[in-house]
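Novice: A structural model of the following input is requested.
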Amino acid sequence: MKLLECKNVNKRFGRKEVLKNVNLTIPKGKIIGLLGPNGSGKTTLIKLINGLLEPNSGEILVKGEKVGTKSKKIISYLPERSYVDFNMKVKELIKYFSDFYDNFDSDKAYKLLDRLNINADDKLTTMSKGMKEKVGLIMVMSRKADLYILDEPIGGVDPATRDYILDTILTNFNEGASIIISTHLIADIEKILDEVIFIKEGTIYLTGDADKLRTKKGKSIDEIFREEFKC
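Specialist: This next block holds a predicted model:
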């Protein structure tokens, strides 16, 4: 069974077409880059997959079923902008996730926090942007999900923090699960990608195995992206 399918998905806001006839299949056990310039439709597609928006036409299936209550249990989602209350203590955030998701592993979350020397009694509001990003990622990666969707997980943080985030992603997702990473910082993540999806002006422009694309084009994924999307 396919993990995720998008079939002829269209989305518009008013007269503006944001996604046009999007067809995608996401298999199990892959790390996939969803790549495109700002305004290409990446975040809209992610919100549709997570049930935060509905398509105007077409359908999205998660493990063969339409997006809904069941798919929310299957997908662990890190949005571009955090939705948590920064006045919460870290341990309160862990309790919140534990109560809300039955596949959340509190022990794993605390172990990951210990690696960063983060005190669970600290409030998020006292933390730097990079540290908040790490805590948010830990919450998402501590779920035993089938599909992890990360929207700009390394945006706006320093290179050292990016390295930690990528290491956390690589070493902590559920075995057999897949990860979709949306980002414009391609050079930073391409080394971990199995497959790539290029999206341009709301349409799927190019998809493929990352290594095969590099071999075919004789260039890195970042170089291919810059060539295909140059102004």
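
Novice: Have a look at the protein and report the helix or strand with the lowest mean pLDDT.
Specialist: Within the chain, confidence by mean pLDDT, DSSP states H and E is lowest for helix 159-172 among all helices and strands, at a mean of 82.

Novice: contact partners of that one?
Specialist: Contact with helix 159-172 is made by 31, 108, 112, 116, 130, 133-134, 137-138, 141-142, 148, 150, 153-154, 157, 179, 181, 185, 188-189, 192, as judged by C-beta atoms under 8 Å, 6 or more residues apart in numbering. Any C-beta I mention is one placed from the backbone N, CA and C, and that applies to glycine too.

Novice: Toward the C-terminus, what is the element adjacent to that helix?
Specialist: Next helix or strand after helix 159-172 toward the C-terminus (DSSP states H and E): strand 178-183.

Novice: centroid residue for this protein?
Specialist: Geometric centre of the chain, nearest residue: Leu150, 1.7 Å, by C-alpha atoms, centre = their mean.

Novice: all helices for this structure, in order.
Specialist: Applying DSSP state H to the chain gives helices spanning 42-49, 69-74, 90-100, 106-115, 129-141, 159-172, 186-189, 210-217, 221-228.

Novice: Which other helices and strands does the second one contact?
Specialist: So the one you mean is helix 69-74. If you count contacts as 3 or more C-beta pairs under 8 Å, 6 or more residues apart in numbering; DSSP states H and E, helix 69-74 packs onto strand 57-62.

Novice: outside of the strand it packs on, which residues touch it?
Specialist: With contact meaning C-beta under 8 Å, 6+ apart, strand 57-62 is reached by 2-10, 21-22, 48-49, 66-67, 70-71, 74-75, 147.

Novice: do the same with stretch 131-138
Specialist: With contacts defined as C-beta under 8 Å, 6+ apart, stretch 131-138 is touched by 78, 82, 84, 86, 90, 93, 109, 112-113, 116, 118, 124, 127, 150, 153-154, 156-157, 161, 164-165, 168-169.

Novice: coming back round to it: just the ones of the contacts of strand 57-62 in strands?
Specialist: Taking DSSP state E, the ones among the contacts of strand 57-62 that sit in strands are 4-10, 21-22, 66, 75, 147.

Novice: Quick check on these: which are buried?
Specialist: By neighbour count, with 16 or more other C-beta atoms under 10 Å, the ones in strands among the contacts of strand 57-62 hold 4-6, 9, 22, 75, 147 as buried.

Novice: From these, pick the one nearest Leu213.
Specialist: Proximity to Leu213 was ranked across these by C-beta to C-beta; first place goes to Val22, at 19.7 Å.

Novice: Excluding chain neighbours, what is closest to the closest one?
Specialist: Closest residue in space to Val22, ignoring its immediate chain neighbours: Val9 at 4.2 Å, by C-beta to C-beta, 6 or more residues apart in numbering.

Novice: wait, doesn't that neighbour sit right on Leu48?
Specialist: Yes: the pair Val9 and Leu48 qualifies as a contact (C-beta atoms under 8 Å) at a distance of 6.6 Å.
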